[in-house]
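**Student:** Give me a model of this one.
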Amino acid sequence: MNEIARVKKEIRLAQWAEMVRQRNESGLTVTDWCKENGINLKTYYYRLKRIRQAVCNEIEQHDIVPVEPTASAETTAEKIELSVGDVKISLPDDFNESTLRRLLGVLR
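**Tutor:** Now for the predicted structure:
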C-alpha cells in the first residue's frame, strides 16, 4: 500500500472511530443513533468491524520481548507487609484471606 493510501485509510478509520465514540456517548441504541444521523445500520456495523480489525492488527504487530531476571534480583515468597506502630508483619502472598481479616481486626 502506498503512502497516500495508508494515510487515507488511517484518516477514514479515525473518523469512523469518532463516529462510534459519539454513538457510545449519546446513550442511544445503535439503531436509534443511526436513524438520527442518517447512517445505514449495516454501514455502522461494517465500520465498527473495520475499526476492531485495525486495532487487532496493530496489537499483533508488536513483538513480545522476553525479560530475564538478573542474578542479583531477590526472590521471596513473602509479598504482603503490614506495619502497625512498632509491629511489622510479613506474610506470603497466598495467606488465607479470612485469617488476614481477623489479624487486621486484632491489630486495630
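**Student:** Please spell out which residues along the host helix or strand of T31 are buried.
**Tutor:** Using DSSP states H and E, T31 sits within helix 30-37. By neighbour count with 16 or more other Cβ atoms under 10 Å, helix 30-37 contains the buried residues V30, W33, C34. The C-beta positions use only the backbone N, C-alpha and C, and glycine is treated the same way.
**Student:** Buried residues, the next helix or strand after it. List them.
**Tutor:** Once helix 30-37 ends, the next helix or strand along the chain (criterion: DSSP H and E) is helix 41-61. Within helix 41-61, the residues that count as buried by 16+ other Cβ under 10 Å are Y44, R47, L48, I51, A54.
**Student:** for the longest helix along the chain, the distance to its chain's centre please.
**Tutor:** In the chain, taking DSSP state H as the definition, the longest helix is helix 3-26. When C-alpha coordinates are averaged (Cα atoms, centre = their mean, to the nearest Å), helix 3-26 and its chain have centres 20 Å apart.
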